[in-house]
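[1] Take this sequence and fold it.
(one chain, ligands or ions: 1)
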Amino acid sequence: MIVEGVLMAENIIKVTLDVDELPKTWYNILPDLPEPLPAALHPATKEPLRPEEWEALFPKGLVRQELSEETDIRIPDEVREALIRIGRPTPLYRAKRLEDALKTPARIYYKREDVSPAGSHKPNTAIAQAYFNYSEGIEHLTTETGAGQWGSALSAAASYFGMKCTVFMVRSSYDSKPYRKYVMKLFGADVIPSPSDTTEYGRCMLKKDPGCSGSLGIAISEAIEIAMKSERTKYSLGSVLNHVMLHQTVIGLETKKQLEKIGEKPDKLIACVGGGSNFAGFTFPFIRDKMKGKNDIRFIAVEPKSVPSLTGVAEGTSRYEYDFGDTAGMTPLLKMHTLGHDFIPETIHAGGLRYHGMAPTVSLLYDHGIIDAEAIGQEDTFTASRLFTRTEGIIPAPESSHAIASAISHALECKKTGDPGVIVFNLSGHGLLDLQNYANIFSL
Ligand SMILES: *Cc1c(COP(=O)(O)O)cnc(C)c1O
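    From the prediction side, this is the model:
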């Protein structure tokens with residue numbers, strides 16, 4: 001039976017939205033923050049970065065969004081059309097079989113960001129960023145990628161708008177994880193293992209250590225160097241910055257409509273955090289309401305125990321202070337929760353969560369106690385992921401498994417207390433290109 005896009009059979013609740021229900025505006029949290037966001041600083045002068053300086057890296061349209069004081073920003077028709085083509089609005093599912101396996105009175109829902117062609121939430125911002133560059137005559141985008149999720153999302157978006165894309169891929173991933181590299185190449189991108197001899201910084205790194213296996217920080221420095229050298233080339237970043245959080249709010253805006261349709265009021269909203277963008281996109285529209293006293297939701301950001309940029313504050317491993325986004329110190333300084341820009345994370349399987357910093361907006365909310373954070377060990381995330389695979393039938397991304405593990409532990413708490421709480425988490429991506437990680441963990 002289908003009632004207004006809500007499929008309710010005995011054991012399944014799947015809430016869909018029509019294409020014309022795709023949000024027409026993004027939600028910008030900046031004007032609603034409990035205090036103004038500390039300005040980004042110039043890496044050399046340490047003075048607040050002026051808009052013209054931002055524009056050396058990013059197109060005007062995105063710089064305007066980065067600094068905007070408007071809460072609702074119109075989504076251009078071209079961007080909405082491209083979002084619809086990749087499967088938006090995405091469905092919201094009730095995890096009935098997972099609930100049954102846990103024997104919990106809690107109702108668990110998940111938002112499906114795994115259904116995009118790239119397999120994650122990243123196209124939501126890749127498309128918007130490619131569009132604003134394209135509309136200002138930019139012909140070429142550069143970026144970095146670790147395991148390749150962001151690189152493949154941006155390659156697809158650049159190809160959609162007829163632009164060139166150069167992706168610096170961390171050499172260790174380039175060598176060991178070929179599939180997303182093939183995805184990027186199919187979309188026409190130039191994929192260069194980093195450090196490379198195409199940039200001064202790369203050559204300098206290779207001279208010091210010819211066998212250097214690379215890092216995200218080095219790859220960012222290389223991508224920025226290329227973008228700075230040419231007029232019609234700009235740099236693109238897949239998380240952390242305000243405009244990226246903004247583009248991801250389609251996730252939370254849709255989820256709000258979907259929960260309203262079935263009359264559910266969530267108690268807890270859960271998402272994993274690397275740079276913070278899928279968490280921000282999922283929760284910010286609800287945080288807007290909470291700050292107006294319209295709900296009393298707990299917002300939980302879940303990170304790996306080995307990369308505790310939020311939870312590490314308690315132990316002193318992480319600090320809320322100005323830091324660089326890359327290793328070379330070429331990016332603007334951002335006030336954020338950081339493990340230090342020279343932090344080298346363990347090689348955990350959730351590659352997308354191996355970043356030293358946290359989005360400034362998410363950091364500020366955490367500092368004010370508006371959101372909570374949890375850290376989960378790798379083993380628990382894979383156990384959760386296997387249970388989710390066998391109950392819900394979807395192999396989740398190792399990153400998303402952090403959110404699943406947290407949702408499961410909160411559902412088990414409800415079982416202890418008999419509380420029929422409502423838990424909603426964001427399934428940020430699928431794990432079909434991460435099978436090698438699963439094979440290694442489970443000795444498949
Ligand atoms: C990149 C990625 C993340 C982490 O990035 P955020 O900016 O924190 O969202 C999480 N899940 C998946 C599937 C990813 O690809």
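[2] tell me how far stretch 351-364 is from the chain's mean position?
    9 Å (C-alpha atoms, centre = their mean, to the nearest Å).
[3] Strands of the stretch 251-400 of the chain, residue ranges please.
    268-272, 298-304, 319-323, 334-338, 372-376 (DSSP state E, counting those that start in this stretch).
[4] Is the ligand within reach of the fourth one?
    It stands for strand 334-338. No - figure legend: strand 334-338 not in contact with the ligand (C-beta under 6 Å from any ligand atom); closest approach 12.5 Å. Using the backbone N, CA and C atoms, a C-beta is placed for each residue, glycine as well.
[5] Just the residues contacting that strand, thanks.
    37-38, 40, 240, 309-310, 312-313, 318-323, 325, 356-360, 362-364, 366-367 (C-beta atoms under 8 Å, 6 or more residues apart in numbering).
[6] what would the strands of the stretch 251-400 of the chain look like in TSV with distance to residue 125 and mean pLDDT?
    As requested, the strands of the stretch 251-400 of the chain are arranged in TSV below (distance: least, C-beta to C-beta, whole Å; pLDDT from 0 to 100):
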stretch	distance to residue 125	mean pLDDT
strand 268-272	15	98
strand 298-304	18	98
strand 319-323	22	98
strand 334-338	17	98
strand 372-376	22	98
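[7] So which residues on this protein come close to the ligand?
    Counting by C-beta under 6 Å from any ligand atom, the chain sits next to the ligand at 120, 122, 149, 239, 272-278, 352-353, 397, 399-400, 428-429.
[8] send the alpha carbons of stretch 196-204 over as CSV?
    Provided in CSV are the C-alpha atoms of stretch 196-204 (Å, rounded to 0.1, in the frame of the first residue of the first chain):
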residue,chain,number,x,y,z
SER,A,196,54.0,13.3,-7.5
ASP,A,197,56.6,15.1,-9.7
THR,A,198,54.0,17.4,-11.2
THR,A,199,54.2,19.9,-8.4
GLU,A,200,57.0,21.6,-6.6
TYR,A,201,55.8,20.4,-3.2
GLY,A,202,55.5,16.8,-4.5
ARG,A,203,59.0,16.9,-6.0
CYS,A,204,60.3,18.2,-2.7
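[9] Not counting its own residues, what contacts that stretch?
    168, 192, 194-195, 206, 218, 221-222, 225-226, 328.
[10] Which of those residues fall within helices?
    206, 218, 221-222, 225-226 (DSSP state H).
[11] Of these, which one scores lowest on pLDDT?
    By pLDDT, residue 218 ranks lowest within the ones in helices among the contacts of stretch 196-204, coming in at 88.
[12] if I look at it, how far off is the ligand?
    Per C-beta to the nearest ligand atom, to the nearest Å, residue 218 is found 18 Å from the ligand.
[13] Likewise for residue 131?
    For residue 131, the distance to the ligand equals 19 Å [C-beta to the nearest ligand atom].
[14] That residue - that's part of a helix, no?
    Yes - counting by DSSP: H, G, I helix; E, B strand; the rest coil, residue 131 is found in a helix.
[15] how about low-confidence regions in the stretch 251-400 of the chain?
    By pLDDT under 70, the stretch 251-400 of the chain contains no weakly predicted segment.
[16] Would you map the helices across it?
    Residue ranges of the helices in the stretch 251-400 of the chain, as given by DSSP state H, counting those that start in this stretch, are 277-291, 312-315, 360-367, 378-392, 400-417.
[17] can you put these in JSON lines and add mean neighbour count and distance to residue 211?
    Shown next, in JSON lines, are those (neighbours: other C-beta atoms under 10 Å; distance: least, C-beta to C-beta, whole Å):
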{"stretch": "helix 277-291", "mean neighbour count": "25", "distance to residue 211": "33"}
{"stretch": "helix 312-315", "mean neighbour count": "14", "distance to residue 211": "31"}
{"stretch": "helix 360-367", "mean neighbour count": "24", "distance to residue 211": "35"}
{"stretch": "helix 378-392", "mean neighbour count": "19", "distance to residue 211": "27"}
{"stretch": "helix 400-417", "mean neighbour count": "23", "distance to residue 211": "32"}
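[18] I am finished for the moment; much appreciated.
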